[in-house]
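1. The amino acid sequence is not available; the structure is as follows:
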Ligand code: SF4
């Protein structure tokens, strides 16, 4: 008999019912809730006269709409200037109260981006099934949990039944072996993976990330990788549990303690794929060849190494792909053949659930320390992922380093990752961003996003264009 | 849930790969706490020449005449013809809500992003995967023929072209059943209440660390 993958193991452990047609009911341990994708689900519950199946499985916080200036934040809900955004955040507060769901409200110091807060609080544990009405739920897979983004109908379904109805995905293994060059980070690794398999490469799969490089990454780095599994088309990304995982979790507020911790740790150590597990697809990358990455187009797969240049659509044989490149270059206002290092920037955004944790901020601070943001960079934002990340950074003096260098230090939230709040990228402006999507209009109407690592974003802020941080 | 049995309608060719959810409905419209009314802002950034806002009067906004949806021959479309990786990006169900609200019932593409694909079925929209060559052929025919309409029948799993020829398509039998009957997923799952309770009890015993750590909150309605 062949062995099981990590995904198989978590799936099997949560299987409530398997129907003959392949559809299954799987039990959900943790449901994370934010203000954007939940109001219609709560409304559905209310209309049907239903209650949450298990209130203590849910954990909520607003993140997408919250303002990030200290002045606005100090005013609580009143500080949200956009009335529509305010209603949405207030609706989350009301819904959580009405249905008895725990929420970190906007004024709680622990508030932040759900995908930063969950692991930070120990609401995310290995072996769990986790869902959230947000595609970047895949982030939590870094801790060996099966974490998936769902739509609002499913949010309502999970609230009402504690289950998800779905078909099992296939298994993909992405191995990154060897060792990374100095200056190459988890973000570059995952961008290189997406560049290789494409944004639809993982569709229908759950991806397990493995290999020397993944093992050597910190949990924060692993989160960056799993966060972008969805950009490779996979609903979930997973990494096996090891001692690094257990060390990260131990002592977190919602993690088990004492004897329960001991028992849990024994169980969690089993959370890895068997040696002889079968994967439907295996993709291998060699770490040494990965350079710092920069996206030049409007899809995360439109990515190039920093030493490279913008591709010429004429060189693309596939008609569909050629027209994609042409459309992207037109939107981005870029010419084929331009060196990546010559792309000039107007804005820098360091934040989002991909890269707003303490290690990310440390990396960025190291690079800007004692320097000044370039004159052509009109706006440079640093938005910590949670109130606790912010506090930690301030204790380490990182905020002062950013401020002295001319970057703005903000309150936690999604901010310019998707610009649902007031933090918007101007039309036609180029932004070096540590977020995860470079779609048209993502960071603001007509805005042009280049995805990079925190170190690359920081270096770009200082130079005013992209630079190869390996040369700094 | 809205039923889907069969639909005959004009076809809109949206010739792009990787149509993402920001393309389908930009984020400023996700601030609504309602489920309806998103149709006027479908494809907003391409359909209009200015920047849309949730409370704007859309009838007064400048329309982009080059965008396919605005061309007279595609008025009243209900079948969307896309390319590959349709619906990638966010999990926002506002994307299928906007498509459905506009009047679409069927989406044909060579591949879909998982979450979007799944969300469609929850909203009475039928997403159909066809071979790339078949899709390419349909694009040619639609572009060449004004008034090009398809009949998409879920019962027989057949698409009938204007010349009477048919294409067959695959659909998951369970999802087909739910769409044909307009079944509500939650009702269906709650039929398994006993199995869920039984599982939960076992799971609580074997893995108690997953239970009870989040502080409990007393449910209460806030006075208005
Ligand atoms: S930071 Fe960006 S990607 Fe992450 S949850 Fe917020 S909006 Fe989504």
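-> That came in fine, so what should we check first? Just so we're clear, the structure is a prediction, and the values are computed from it rather than from any experiment.
2. was I right about residue A:176 contacting residue A:209?
-> Yes: counting by CB atoms under 8 Å, residue A:209 is a contact partner of residue A:176 at 7.2 Å. No exception for glycine: its C-beta is placed from N, CA and C like everyone else's.
3. what's the longest strand seen in chain B packed up against?
-> When chain B is parsed with DSSP state E, its longest strand is strand B:6-13. When contacts are defined as 3 or more CB pairs under 8 Å, 6 or more residues apart in numbering or on different chains; DSSP states H and E, strand B:6-13 sits against strand B:77-81, helix B:132-144, strand B:149-153.
4. Okay, now the sheet partners of it, with direction.
-> Using DSSP bridges, strand B:6-13 pairs in its sheet with strand B:77-81 (parallel), strand B:149-153 (antiparallel).
5. tell me the mean pLDDT for that strand?
-> Computed over strand B:6-13, the mean pLDDT rounds to 98.
6. which residues touch it?
-> Strand B:6-13 is contacted from outside by B:68-69, B:74-81, B:104-106, B:126, B:138-139, B:142-143, B:147-155, using CB atoms under 8 Å, 6 or more residues apart in numbering or on different chains.
7. List the backbone torsions phi and psi for residue A:95.
-> phi -60, psi -40 (degrees, to the nearest 10).
8. So it sits against residue A:35, correct?
-> No: applying CB under 8 Å as the test, residue A:95 and residue A:35 come out as separate, 9.0 Å apart.
9. These two - which one has more neighbours?
-> residue A:35 (30 against 23; other CB atoms under 10 Å in any protein chain shown).
10. where does the chain dip in pLDDT?
-> Just so you know, I chose chain A. Counting by pLDDT under 70, chain A shows low-confidence ranges at A:1.
11. was after chain B, sorry
-> B:222-224.
12. Look through it and state the residue closest to chain A.
-> With CB to the nearest CB, the shortest gap between chain B and chain A falls at residue B:219, namely 3.2 Å.
13. Could you report the separation of that residue from residue A:103?
-> Residue B:219 is 12 Å from residue A:103, where distance means CB to CB, to the nearest Å.
14. Can you name the residues in contact with stretch A:88-103?
-> A:33-36, A:38-39, A:42, A:45-46, A:51-52, A:55-56, A:58-62, A:65-66, A:77, A:80, A:105-106, A:159, B:31, B:33, B:214-222.
15. now the residue of chain B closest to chain A, what's its secondary structure?
-> With DSSP: H, G, I helix; E, B strand; the rest coil as the basis, residue B:219 sits in coil.
16. mind checking the longest strand of chain A?
-> Chain A, longest strand under DSSP E: strand A:170-177.
17. Neighbouring strands - and their directions - for that one?
-> Partners of strand A:170-177 in its sheet, by DSSP bridges: strand A:205-210 (parallel), strand A:281-286 (parallel).
18. so can I have CSV of these showing mean neighbour count?
-> Shown next, in CSV, are the strands paired with strand A:170-177 (neighbours: other CB atoms under 10 Å in any protein chain shown):
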stretch, mean neighbour count
strand A:205-210, 27
strand A:281-286, 15
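19. May I see those strands arranged in CSV, with distance to residue A:342 as well?
-> Shown next, in CSV, are the strands paired with strand A:170-177 (distance: least, CB to CB, whole Å):
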stretch, distance to residue A:342
strand A:205-210, 33
strand A:281-286, 27
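20. So which of those strands is nearest residue A:379?
-> strand A:205-210 (33.5 Å; CB to CB).
21. Verify the stated contact: residue B:180 with residue B:121.
-> No: Residue B:180 lies out of contact with residue B:121 (CB under 8 Å); the separation is 11.6 Å.
22. out of these two, which sits in the busier spot?
-> residue B:121 (23 against 14).
23. What distance do you get for that one to the ligand?
-> Note on residue B:121: its distance to the ligand, by CB to the nearest ligand atom, to the nearest Å, is 24 Å.
24. repeat for residue B:91
-> To the ligand, residue B:91 is 9 Å away according to CB to the nearest ligand atom.
25. Kindly report the same for residue B:122.
-> Applying CB to the nearest ligand atom, the value for residue B:122 to the ligand is 21 Å.
26. What's the local residue count around that residue?
-> 23.
27. Surely residue A:164 touches residue A:149?
-> No: using CB under 8 Å, residue A:164 is not in contact with residue A:149; the gap is 11.3 Å.
28. Need the residues that contact the strand or helix carrying residue A:192.
-> Per DSSP states H and E, residue A:192 falls inside helix A:186-197. Residues outside helix A:186-197 that contact it (CB under 8 Å, 6+ apart): A:174, A:176, A:180, A:201, A:213, A:217, A:220-222, A:224-225, A:227-229, A:231-232, A:283, A:285, A:287, A:290-293, A:295, A:300-301, A:303-304, A:354-355, A:434, A:451-454, A:456.
29. so that helix versus strand A:205-210, what angle?
-> Following axes from the mean of the first three to the mean of the last three CA atoms, to 10 degrees, one obtains 130 degrees for the angle between helix A:186-197 and strand A:205-210.
30. and helix A:186-197, does that touch the ligand?
-> No: counting by CB under 6 Å from any ligand atom, the ligand is not contacted by helix A:186-197; separation bottoms out at 13.5 Å.
31. That helix: which residues count as buried?
-> A:186-195, A:197 (16 or more other CB atoms under 10 Å in any protein chain shown).
32. What parts of the stretch 251-400 of chain A come near the ligand?
-> Counting by CB under 6 Å from any ligand atom, the stretch 251-400 of chain A sits next to the ligand at A:352-353.
33. and the gap between the closest residue to the ligand within the stretch 251-400 of chain A and residue A:414?
-> Nearest residue of the stretch 251-400 of chain A to the ligand: residue A:353, at 3.3 Å (CB to the nearest ligand atom). Separation of residue A:353 from residue A:414 (CB to CB) stands at 8 Å.
34. Quickly list what's touching both of these two.
-> Taking CB under 8 Å, 6+ apart as the contact rule, residue A:353 and residue A:414 both touch residue A:113.
35. Comparing the two, which shows the higher neighbour count?
-> Shown here are residue A:353 and residue A:414; by other CB under 10 Å, residue A:414 has more neighbours (32 against 27).
36. burial count for residue 102?
-> If you meant another chain, say so; for now it's chain A. 17.
37. wait, I meant chain B there
-> Counted with other CB under 10 Å, residue B:102 comes out at 18.
38. Residue B:111 too?
-> Other residues close to residue B:111 by other CB under 10 Å number 21.
39. Would you agree it is in contact with residue B:129?
-> Yes: counting by CB under 8 Å, residue B:111 does reach residue B:129; the two are 6.3 Å apart.
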